[in-house]
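Engineer: let's see this in three dimensions:
(chains A, B and C)
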Amino acid sequence: MKAWRVALALAALCALAGVPWYGSDVLTQFGINALLLAVLAQGWNIIGGYTGYASFGNSVFYGLGSYGVAIAMVQWHLPFAVGLAFGVVLALVFAFVLGVPVLRLKGHYFAIATLGLSQVMTAIVSNVELAGQNIGLVLPPLNDDAQFYELSLGLLLIATLTVGWLSRSRFGFGLIAIRENEEGAAVMGVNTTLYKVLAFALSGFFSALAGGIHAYWITFLDPESAFDIGLNVKMIIMAVFGGPGTVLGPIVGAFSLSAIAEVLSSEVTSIAGLFFGLVIVTAVVLMPRGLADMLRHLRRTGWRYFLENLRMHRL
Amino acid sequence: MSALLEVRHATKIFSGLVALHDVSFTLAPGEILGLIGPNGAGKTTLISFISGTLAPSGGEVLFEGASIDRLPAFRRARLGIGRTFQIMQPFPGLSVLDNVAVGALFGSGGGHSRLAQAREEARACLEFVGLGPFIGKRADELGGTGRKRLELAKALAMQPRVLLCDEVMAGLNHVEIEEVIDILRKVRDRGIGVLVIEHVIKAIKSLSDRLLVLHHGEKIADGTPEAVLSNPVVVEAYLGRKRA
Amino acid sequence: MELFAQVLVNGILQGGLYAVMALGLALVWGVLNIVNLAHGAFIMLGGYGSWYLYTYAHIDPFLGLPLTAAVMFALGYALQRGLLNLVIRAPMFNTLLITFGLEVVLTYLAQLVFTADFRTINPPYAGSNLALGPVVLPLARLAAFAVAIALAVGMWLLLLHTRLGRAIRATAQNLVAARLYGVEPRHLYALTFGLGIALAGSAGTLYGTVSQINPYIGAALTAKSFAISIIGGLENPLGVIAGGLFLGIVESLTTLYVGQTFADVASFGTLVLVLVARPGGLLGRAA
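Structural biologist: Numbering: from 1, shown residues only, chains lettered A, B, ... in the order given. Below you'll find the model as predicted:
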């Protein structure tokens, strides 16, 4: 990597890390949400962007991570770190046990299967006493937004470095090959089943950690919010908007969409949602390869980038 | 010399249709075995058997004397069985170089573990098949002939012991066919066993050490090109009333 | 025993409604390979359309169905031709994303124009029932069921037995070949999508006579339609009927014997099981 790029990245990192001190409380809270969403988008990127399997089950991992922390801390009075680990274990078990049958499905069928699983989990957890059933659980409060912020930033850093490693490793190449042509990949020696499950588990790992952190920060969770499908949709939107299958795409997507949503909701409250939807529709038409791709090409080709996209992708 | 690849009594039935019936043959290292037969004779089915993308209804496949029937496609690839596809299967979003690098990363014995080495290997393979100038291009920018060569390069990057070629010469002109024949001969000279499915009779006659003929899923001839092509049964079935 | 019969019948009637809800989605998905996340929003719009026709023009929802369907068809055709056709060949997930955006836009537009109040369409016969032995059949529900089945069978006839239907299916399978046959894909795509939206709108009308409409019902209805489409299979419109009926009955019985909260487990659990065991759906090919 070129020296100036590294310097830029480090500078950005420092700027981000300093937010709890020079920014307002509102900004810090916005930051935590955006950072966690970025982690989720990045996690989804591994199974969706790189491997090409559109998972609607990452919200399950998120929920399992949340409940792992909640149950460990509330029911068993264990420290936060143990709770996080517990949540991760739950997520990994889910990924390996259910991953194998579900990953045999292709394309939209896989997406729907994970959607179904998500609904099932919500309903099941609503009936488990240990998890507080429908009412949910209330966690011990920790009023230190700065700590949650740095934790979230750290997690995003690890997730991004992991995806960065992925993009130039043998494992990552195998995933991309699976995405581009699964049968072709198998015939060339890629153990597609193993790789898909590993990608799914890795993706779940990050989602679970994000869920755990969020649960402790919010101090409350219930099945509806923990396994919320809307969250999964959000992470997909952000990853795809920013650029799936790239290292920085999900981050760009998460930050920009969070910012847009925030600005819209404070300025034009009543029609905020409307504008948000219009932004997405326009973005898909003009930059179907994501924001990251646009930023990379805009400098070189200018407005013609958009016209090119239109011409290439229309029926 | 023990056979590198041996197929015994291969049979495949697709819901009532017999695609292959009791086909047996061997392939030695450093040998080019041509496989010809009319469309629908079962040639691609046979190759899919060997590479593991299709399960047999009966019969077995042996690689270096050991049965590989239970091995999934990717394990057979790691053993050293490489194939090209008649309907080409590139990785469209990847560059030509990276397409071939996948083969180098995952081929025989599990392939290279480092990307840089794999790309070096890929470069060499692309030069070997004559795609040197196209290395930086995206796979979906290649034309028909380019894609055929890419298929070959991908399979070669796997360092195969057995190479299964499914109609790599289809749609090529005389000059290009000669080039492919040359490439395949060089591959053979490296000690690799090559099984070539082809329709261009002249090409396959000059290229093959031995010739195998399939008709309606059955083997009707197996021998030297001269012997096989003058065999009246073959002539009638495949070549019509014309004499070769 | 009587309770079982009643619950079963309720499930069947609900199932018919489910079937017509999923029909448009399955058509667009199976033929155009477009996963329409805004499907439920179109159902919602159809419902509102009929509500306005009934409340201000006093047109009975069932009689006004052709009108609602025609308007929705035009909307769908325009959307496909003007917007969705622009991204058909874009990288994967983009149709998912754009229909998501559409869903958000439509929901908010509905909220602005129609307000968030709950609406129902209550024609005078809505309260009456038909008695079939020990079983009670609410008239509105029965009518909705009948129309739903009629639409589904109509779709089946259209797709499998008319020239237009063959053209649609041919285009779906092979764009290049379709062009060679003189079919203009842009028009055909728009036609198919229009049909899908018309069906969604019709489902909305029927939904409005038996249940409440508000701007936010879209998402849940989309999810349900997905489940039904998968369970029934995307190949055959009759499969969607099977899927809808199956789901309606499963939900109804689960609610009776196990409890309301498990109804969702049952429906989505079935979905996952079907996907894993029979990816082609109940009427499709086995795994």
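Engineer: do the helix or strand that contains C:Phe226 and chain A meet at all?
Structural biologist: In the assignment (DSSP states H and E), C:Phe226 maps to helix C:218-232. Yes. Using Cβ under 8 Å from any Cβ of the partner chain, helix C:218-232 comes into contact with chain A via C:Ala219, C:Ala223, C:Phe226, C:Ala227, C:Ile230. Any C-beta I mention is one placed from the backbone N, CA and C, and that applies to glycine too.
Engineer: and those residues as a markdown table, adding neighbour count and pLDDT?
Structural biologist: Output for the residues of helix C:218-232 next to chain A, formatted as a markdown table (neighbours: other Cβ atoms under 10 Å in any protein chain shown; pLDDT from 0 to 100):
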| residue | neighbour count | pLDDT |
| --- | --- | --- |
| C:Ala219 | 19 | 85 |
| C:Ala223 | 24 | 83 |
| C:Phe226 | 27 | 84 |
| C:Ala227 | 27 | 82 |
| C:Ile230 | 30 | 81 |
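Engineer: switch those over to JSON lines; also include distance to C:Ala170.
Structural biologist: Compiled in JSON lines, those are given as follows (distance: Cβ to Cβ, whole Å):
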{"residue": "C:Ala219", "distance to C:Ala170": "33"}
{"residue": "C:Ala223", "distance to C:Ala170": "31"}
{"residue": "C:Phe226", "distance to C:Ala170": "26"}
{"residue": "C:Ala227", "distance to C:Ala170": "29"}
{"residue": "C:Ile230", "distance to C:Ala170": "24"}
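Engineer: contacts only, for the residue of chain B found nearest chain C.
Structural biologist: Among the residues of chain B, B:Gly93 lies nearest to chain C; the distance is 8.3 Å by Cβ to the nearest Cβ. Neighbour list for B:Gly93: A:Ile176, A:Arg179, A:Glu180, A:Gly245, B:Arg138, B:Ala139, B:Asp140 [criterion: Cβ atoms under 8 Å, 6 or more residues apart in numbering or on different chains].
Engineer: same thing but 7 Å
Structural biologist: By Cβ atoms under 7 Å, 6 or more residues apart in numbering or on different chains, the contact list for B:Gly93 reads A:Glu180.
Engineer: just say helix, strand or coil for it.
Structural biologist: coil (DSSP: H, G, I helix; E, B strand; the rest coil).
Engineer: out of the helices and strands in the chain, which is least certain?
Structural biologist: Just so you know, I chose chain A. The weakest-scoring helix or strand in chain A, judged by mean pLDDT, DSSP states H and E, is helix A:291-301 (a mean of 77).
Engineer: right idea, wrong chain: chain C
Structural biologist: Per mean pLDDT, DSSP H and E, helix C:175-180 ranks last in chain C, at a mean of 69.
Engineer: hmm, back to that, now do the helix holding C:Phe226: distance to the chain's middle.
Structural biologist: From the chain centre to the centre of helix C:218-232 is a distance of 8 Å (Cα atoms, centre = their mean, to the nearest Å).
Engineer: how about the CA coordinates for that helix, as PDB?
Structural biologist: C-alpha atoms of helix C:218-232 as PDB (Å, rounded to 0.1, in the frame of the first residue of the first chain):
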ATOM      1  CA  GLY C 218     -46.600  -3.600   2.900                       C
ATOM      2  CA  ALA C 219     -43.500  -5.200   4.600                       C
ATOM      3  CA  ALA C 220     -45.300  -8.000   6.400                       C
ATOM      4  CA  LEU C 221     -47.300  -8.900   3.300                       C
ATOM      5  CA  THR C 222     -44.200  -9.000   1.200                       C
ATOM      6  CA  ALA C 223     -42.600 -11.400   3.600                       C
ATOM      7  CA  LYS C 224     -45.700 -13.600   3.600                       C
ATOM      8  CA  SER C 225     -45.900 -13.600  -0.100                       C
ATOM      9  CA  PHE C 226     -42.300 -14.700  -0.300                       C
ATOM     10  CA  ALA C 227     -43.000 -17.600   2.000                       C
ATOM     11  CA  ILE C 228     -46.000 -18.600  -0.100                       C
ATOM     12  CA  SER C 229     -44.200 -18.300  -3.400                       C
ATOM     13  CA  ILE C 230     -41.400 -20.600  -2.200                       C
ATOM     14  CA  ILE C 231     -43.700 -23.100  -0.600                       C
ATOM     15  CA  GLY C 232     -45.800 -23.300  -3.700                       C
END
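Engineer: list of residues touching the helix or strand that it is followed by?
Structural biologist: Downstream of helix C:218-232, the next assigned helix or strand under DSSP H and E is helix C:237-257. For helix C:237-257, contacts defined as Cβ under 7 Å, 6+ apart pick out C:7-8, C:10-12, C:14-16, C:18-19, C:22-23, C:26, C:149, C:152, C:155-156, C:159, C:227-229, C:231-233, C:262-263, C:266-267, C:270, C:281-284.
Engineer: go through helix C:237-257 and flag the buried ones.
Structural biologist: Using 16 or more other Cβ atoms under 10 Å in any protein chain shown as the test for burial, helix C:237-257 gives C:237-256.
Engineer: and that helix with helix C:218-232, angle?
Structural biologist: On the basis of axes from the mean of the first three to the mean of the last three Cα atoms, to 10 degrees, helix C:237-257 is oriented at 110 degrees to helix C:218-232.
Engineer: chain center to helix C:237-257: distance?
Structural biologist: For helix C:237-257, the distance to the chain centre is 14 Å (Cα atoms, centre = their mean).
Engineer: that helix: what's the following helix or strand?
Structural biologist: In N-to-C order, the element after helix C:237-257 by DSSP H and E is helix C:262-277.
Engineer: nearest to chain B: which residue in the stretch 101-250 of chain C?
Structural biologist: For the stretch 101-250 of chain C, Cβ to the nearest Cβ, closest residue to chain B: C:Asn174, 14.0 Å.
Engineer: can you give me the end-to-end distance of stretch A:40-60?
Structural biologist: Using Cα to Cα, to the nearest Å, the end-to-end distance of stretch A:40-60 comes to 12 Å.
Engineer: pLDDT at C:Leu283, what is it?
Structural biologist: Predicted confidence (pLDDT) for C:Leu283: 57.
Engineer: next, the residue of chain B closest to chain C: phi, psi?
Structural biologist: Main-chain dihedrals, B:Gly93, degrees, to the nearest 10: phi -80, psi -10.
Engineer: follow-up on the earlier one: now do the buried residues in the helix or strand following the least confident helix or strand of chain C.
Structural biologist: Using DSSP H and E, the helix or strand that follows helix C:175-180 in sequence is helix C:185-210. Neighbour-count burial for helix C:185-210 flags C:188-210 (criterion: 16+ other Cβ under 10 Å).
Engineer: with stretch A:264-277 instead?
Structural biologist: Within stretch A:264-277, the residues scored as buried using 16+ other Cβ under 10 Å are A:Leu264, A:Ala272, A:Gly273, A:Leu274, A:Phe275, A:Phe276, A:Gly277.
Engineer: quick one: the third one from C:Gly101, how far?
Structural biologist: When you say that, I think you mean A:Gly273. 11 Å (Cβ to Cβ, to the nearest Å).
Engineer: give me the common contacts of those two.
Structural biologist: Listed as contacting both A:Gly273 and C:Gly101 by Cβ under 7 Å, 6+ apart is no residue at all.
Engineer: what packs against the helix ranked longest in chain B?
Structural biologist: Across chain B, the longest stretch assigned as helix under DSSP state H is helix B:174-189. Applying 3 or more Cβ pairs under 7 Å, 6 or more residues apart in numbering or on different chains; DSSP states H and E, we find helix B:174-189 packed against helix B:144-157, strand B:193-197, helix B:201-207.
Engineer: centre of the chain versus the second one, how much separation?
Structural biologist: Here strand B:193-197 shows a centroid-to-chain-centroid distance of 5 Å under the convention Cα atoms, centre = their mean.
Engineer: what's the angle between the longest helix of chain B and helix B:144-157?
Structural biologist: 0 degrees.
Engineer: show me where pLDDT drops low in chain A?
Structural biologist: Chain A contains residues with pLDDT under 70 at A:1, A:268-270.
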